[in-house]
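# curious how this folds, go ahead:
(chains A, B and C, ligands or ions: 2)
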Amino acid sequence: MMTKLTAKLAAVLFGTTLLAAPALAEDFVIGVTAAQSGWLATYDQPSYAGFKFCIDEINAKGGLGGKYKAVIDVRDTRSDTAEAVKVAQEFADKKVNFIVSPADGDPTMAMGQITSPAGIPTMTFAGTAPILTSVGEFVFGSYPGDNQQAAVLGAYAAELGYKTAWLLKSPDSSYTMKGPEYFGQVFEAKGGKVIGEGSFTLNQPDFSAIVTTIKALDPQPDVIATWAWEPDFPAFIKALRGAGVTTPVMGADVLDTPTVRGLGDVVNGIVHTSGGYPEPGSKHADFNARFKAATGMEADTNYVVNGCDIALMIDAAVTAAGSSDPKAVRDALANLKDSPGNMSNFTFAGTDRMPLRAVVLAKIENGQKTFIRRQLADPATMPKP
Amino acid sequence: MLSVEGLVVRYGPIEAVRGIDFTVNRGEVFALLGANGAGKSSTLAAIAGLVKPFAGRITYDGKPVSGLPPETLSRAGIGLVPEGRRIFASLTVAENLWLGGAAHGSTAERQQLQKEMEERFPILGERARQKAGLLSGGEQQMLAIARALMARPKLLLLDEPSLGLAPQMVEKVFDLIAAMRKEGLTILLVEQNVPMSLQIADRGIVLANGHIVVSGTGVELLHNSDVTNAYLAA
Amino acid sequence: MEVFLQQCVNAISLGGIYALLALGLAVVFSIVRLINFAHGEVMTIAGYAIWLALLSSVPVVAAIILGITVAMLASVAMERIAFRAMRGASVTSLLITSFAVSEIVKVLFQNGISARPVPIVLPAWMSGSINMGFLTISVMSLISIIVVAVSLVALSVILTRTTLGVAMRAAAEDFPVVRLVGIKANHVVALAFAISGALAGVAAVLWVAQRGSVDPLMGAAPVLKAFIATVLGGLGSLSGAVLGGFVVGAVEVFLQGYLPESVAPYREAISLSIIIGLLVLRPDGLWPAQNVNRS
Ligand SMILES: Nc1ncnc2c1ncn2[C@@H]1O[C@H](COP(=O)(O)OP(=O)(O)OP(=O)(O)O)[C@@H](O)[C@H]1O
Ligand SMILES: [Mg+2]
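Ligands and ions are numbered 1, 2, ... in the order given. Sure thing, here's the model as predicted:
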């Protein structure tokens, strides 16, 4: 709460000083969109908390690339894409050095259509739809893409001996639509078969009808895969288990939240992908501890550490570029290779700006996230965006 | 019992009552006459608290009551049988009566009174469980009066109780008014049926365009040609 | 056949929740002409109350009762604080006021608790299912159906057997006359909001039990459906609201269950078209209110 307020205050103060006088040469202005309300707040807020924390750490050590003081201009989008676009235009007019966009692909793509032609590198907090970088050369992902997650998850499903899969998709977002499709492609490439699919709408009130359809499937699938998030996933899994369907369920990184883990018995055994896992002694665990000590808040989702890693990505790019020029920073960012992060290292070189990062497979057991393994997606089976 | 001084009622720019004065004595039937749109219903509405007077004083039982809400006035003993009956059509006859007395007296007293009403108006007893909207016009009028009586009013305002009723029914209504007066009720009667109301009224006034044009005893008014003129003038 | 029966159970159980919400909207609308868009937030408030109670290790049954009570009080409080001053204002002004209330409550939860959903864990037996031979019904559906039925019976007892309940029905027809017989307007309105809030509270209990989480926007989607249900049933008609709720629930479930996958993305559009179609056939609603209020 305190940090949020300070950040807002800083943004307001800075906004006005910028109007009065041009930014000092040493300042590196980062425009950030973080929804305070609406569904995206779930992901934007922890991401922003981690980002802010590490930007402060970097500033304390002399700034980005050791010489530029990072200045954050944070705006609330209320999870509204139109608002995000408006803010993007303001950032472009203001000629910020870098933009961090919402934690979803769709608003990021909408913003990228303005910021990429304006030549400002734009990185999503946690959007994972690999097509999001297709809007322009200046648009970057930060989290392992859905196709990477699907490649690892689909391969794991096949490895467990599952022969048939059923996909639950929603056409309302590219994430919920494409994720399960990528999963299906990989699963079939590994010898499995997709025997059916169903669709839901975001924020759908009720899943009983879908569950009845699933229950009536003959034969039953070996596994159900979905990229649904909160509150849809909790509603779905409650209805599914409530109807007595015990088929294993696999999901994506959005399931990596305390809310999902807090659902009790119904989520026992669910396997999901994740960007990282804080093994004791790891940089990730160290970050979580520092974050908790400084803010008093638990870094209870990976979005926090990933937010921090975005700050590290910018720092690495500015260091490599040796300049604050947006074009130079973009080029340096796009060429980073196995650069160190807290959650995992990141490689942009050779990708279309969706970073290649390790994917973690995790399982929910008795309300805890347990580690299965960490691996890089196999480029041979990774679906094309 | 009731005194009205300089009463003005406005609906936005429309001035319906333009400063009238009259007094109703305890136990009498007081007639309020006038053509359509003269301001009769508006006067009753102001007395019963349905509209706030724009200006003027209303005193009831010696206390100023202008601008009080209708529920307070009802509890103080002012009952209104509104124009057009306005019974609760989707409620049963019994429920209409019950509500009439809901804010007055104990449950036992109310049950007793309800029984009395059903004796006085046998049709209401017969149709107790029927939806009030299914009653005939005259029966609905009886119900509207009975509902008001359930509140044990001391002053009863009747707004055109005989409107649209067959002659037989009209007579019944006037008999009822006479009977109620005998029981000690004070009645302020608005009527279109001028001869019959003046025969029964102790005193009365005639309104035209929101002003009082004539006043006097029932008998005086009955023989005053201004009364007929007031109707024609409208 | 079994699948069809199962979908019927789903339709009744979902429709029942919509019916409770629609009824809550209709009870208030019929009396004060307010389309209360903050009704969803009453539901959300109940959800958070249950969450807080469970966090503080209050027994489940007590938490549920608390949730319903809090919803009732919240609804009455909304009337006191926001709507009473607006009484008699135009339908539009009232509608806008309720939007404002709804936004304020949402923001309070977003900033005061979290924009993210919080989990609600109810006892395991509540998320099980019962085998009834030819049909397996989830315990939650069964509970829903029973609770909805009990609530409807309870409401009809209140509306026909209590003085204030009868007065409420009368007020829906002609509020000034109710006041004329000495019944206090504020009592009737407060009762309407209390009933409306309690119904939203019951709906919230069923909702969070089925969905497992509460978030600041929880009430928005179901109340939008309930609003459609009240219009479909006939604005201001209580029986219409119940009927409308069940129809909306059934349309939703059967389209989800039987629409081919290729047209599934248009499901919402199709369901709204069906409802608009019904309204074209019956412009006053499926079961309109008997009387229009004389102003
Ligand atoms: N609610 C209202 N809003 C605006 N104008 C009104 C309202 N009620 C009455 N009026 C106007 O006030 C005037 C007096 O109306 P009122 O009903 O008092 O007359 P009335 O003497 O009872 O007539 P009638 O014999 O037709 O019942 C009329 O011109 C009428 O149009
Ligand atoms: Mg009149």
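# quick one: classify A:Tyr156 as helix, strand or coil.
On the three-state scheme (DSSP: H, G, I helix; E, B strand; the rest coil), A:Tyr156 is labelled helix.
# just B:Ile20 next, same as before
Judged by three-state DSSP, the three-state class of B:Ile20 is strand.
# OK, contacts around C:Trp268?
Just so we're on the same page, residue C:268 is Glu rather than Trp. Under the criterion of CB atoms under 8 Å, 6 or more residues apart in numbering or on different chains, the contact partners of C:Glu268 comprise A:Thr201. To be clear about C-beta, it is placed using only N, CA and C from the backbone, and glycine gets the same treatment.
# distance of the residue of the stretch 1-150 of chain C found nearest chain B from C:Ile81?
The nearest approach of the stretch 1-150 of chain C to chain B comes at C:Ser30, 10.8 Å away (CB to the nearest CB). As for C:Ser30, its distance to C:Ile81 is 22 Å (criterion: CB to CB, to the nearest Å).
# so the two - more neighbours on which side?
For the pair C:Ser30 and C:Ile81, the greater number of neighbours falls to C:Ser30 (24 against 10), based on other CB atoms under 10 Å in any protein chain shown.
# say whether chain A is contacted by the strand or helix carrying that one.
Element membership of C:Ser30, judged by DSSP states H and E, is helix C:2-32. Yes - for helix C:2-32 and chain A, the contact criterion (CB under 8 Å from any CB of the partner chain) is met by C:2-3, C:6-7, C:10, C:13-14.
# tell me which residues of that helix come out buried.
Taking 16 or more other CB atoms under 10 Å in any protein chain shown as the basis for neighbour counts, the residues of helix C:2-32 that come out buried are C:6-32.
# for it, packing partners?
Helices and strands touching helix C:2-32, as assessed by 3 or more CB pairs under 8 Å, 6 or more residues apart in numbering or on different chains; DSSP states H and E, comprise helix A:208-215, helix C:39-55, strand C:136-138, helix C:139-161, helix C:163-180, helix C:185-211, helix C:220-233, helix C:238-258.
# between those, which gets the lowest average pLDDT?
Here the lowest mean pLDDT among the helices and strands packed on helix C:2-32 goes to strand C:136-138, at a mean of 81.
# contacts for it, please.
Outside of strand C:136-138, the residues that reach it under the criterion CB under 8 Å, 6+ apart are A:208, A:215, A:239, A:242-244, C:6, C:9, C:127-130.
# can we see that at 6 Å?
By CB atoms under 6 Å, 6 or more residues apart in numbering or on different chains, the list of residues contacting strand C:136-138 from outside reads A:242-244, C:9, C:129-130.
# how about these in JSON lines, adding pLDDT, distance to ligand 1 and secondary structure?
Formatted as JSON lines, the entries for the contacts of strand C:136-138 read as follows, by pLDDT from 0 to 100; distance: CB to the nearest ligand atom, whole Å; DSSP: H, G, I helix; E, B strand; the rest coil:
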{"residue": "A:Gly242", "pLDDT": "88", "distance to ligand 1": "56", "secondary structure": "helix"}
{"residue": "A:Ala243", "pLDDT": "88", "distance to ligand 1": "58", "secondary structure": "coil"}
{"residue": "A:Gly244", "pLDDT": "88", "distance to ligand 1": "62", "secondary structure": "coil"}
{"residue": "C:Val9", "pLDDT": "91", "distance to ligand 1": "51", "secondary structure": "helix"}
{"residue": "C:Ser129", "pLDDT": "81", "distance to ligand 1": "59", "secondary structure": "strand"}
{"residue": "C:Ile130", "pLDDT": "83", "distance to ligand 1": "59", "secondary structure": "strand"}
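# quick one: buried ones out of these?
Taking 16+ other CB under 10 Å as the criterion, what is buried in the contacts of strand C:136-138 is A:242-243, C:9, C:129.
# pick out the most distant pair among the residues you listed.
Checked with CB to CB, the buried ones among the contacts of strand C:136-138 reach their widest spread between A:Gly242 and C:Val9, with 12.1 Å between them.
# where do the domain boundaries of chain A fall?
In the assignment given by automatic domain parsing, the structural domains of chain A cover A:24-144+A:280-354, A:146-274+A:361-375.
# so which of those is nearest ligand 2?
Distances from ligand 2 to each of the domains of chain A were compared using CB to the ion; the shortest belongs to domain A:146-274+A:361-375, at 50.7 Å.
# can you tell me which residues contact residue 168?
Here I'm looking at chain A. The neighbours of A:Leu168, taking CB under 6 Å, 6+ apart as the test, are A:198, A:226.
# the intended chain is chain C.
Neighbouring residues of C:Met168 by CB under 6 Å, 6+ apart: C:188, C:191-192.
# quick one: the closest residue to C:Pro119 other than its chain neighbours from C:Leu54, how far?
Nearest-residue entry for C:Pro119: A:Gly262, 3.3 Å, with adjacent residues in sequence omitted and distances by CB to CB, 6 or more residues apart in numbering or on different chains. For A:Gly262, the distance to C:Leu54 (CB to CB) stands at 11 Å.
# more neighbours: those two, which one.
C:Leu54 (21 against 17).
# quick one: that one and C:Ala63 touch, right?
Yes - at 5.2 Å, C:Leu54 and C:Ala63 qualify as touching, with contact defined as CB atoms under 6 Å.
# now do the helices in the stretch 201-350 of chain A.
Using DSSP state H, counting those that start in this stretch, the helices assigned to the stretch 201-350 of chain A run over residues A:208-215, A:232-242, A:258-261, A:283-295, A:302-321, A:326-334.
# what is the fourth one packed up against?
Using 3 or more CB pairs under 6 Å, 6 or more residues apart in numbering or on different chains; DSSP states H and E as the contact criterion, the elements in contact with helix A:283-295 are helix A:302-321.
# and the helix it packs on, what does it pack onto?
Helix A:302-321 makes packing contacts with helix A:41-60, helix A:283-295, helix A:326-334 when contacts are defined by 3+ CB pairs under 6 Å, 6+ apart.
# most tightly packed of those helices?
Per-stretch averages of neighbours, counted by mean count of other CB atoms under 10 Å in any protein chain shown, single out helix A:41-60 among the helices and strands packed on helix A:302-321, with a mean of 24.
# touching chain C at all, that one?
Yes - Helix A:41-60 lies in contact with chain C when judged by CB under 6 Å from any CB of the partner chain; the contacting residues are A:41-42.
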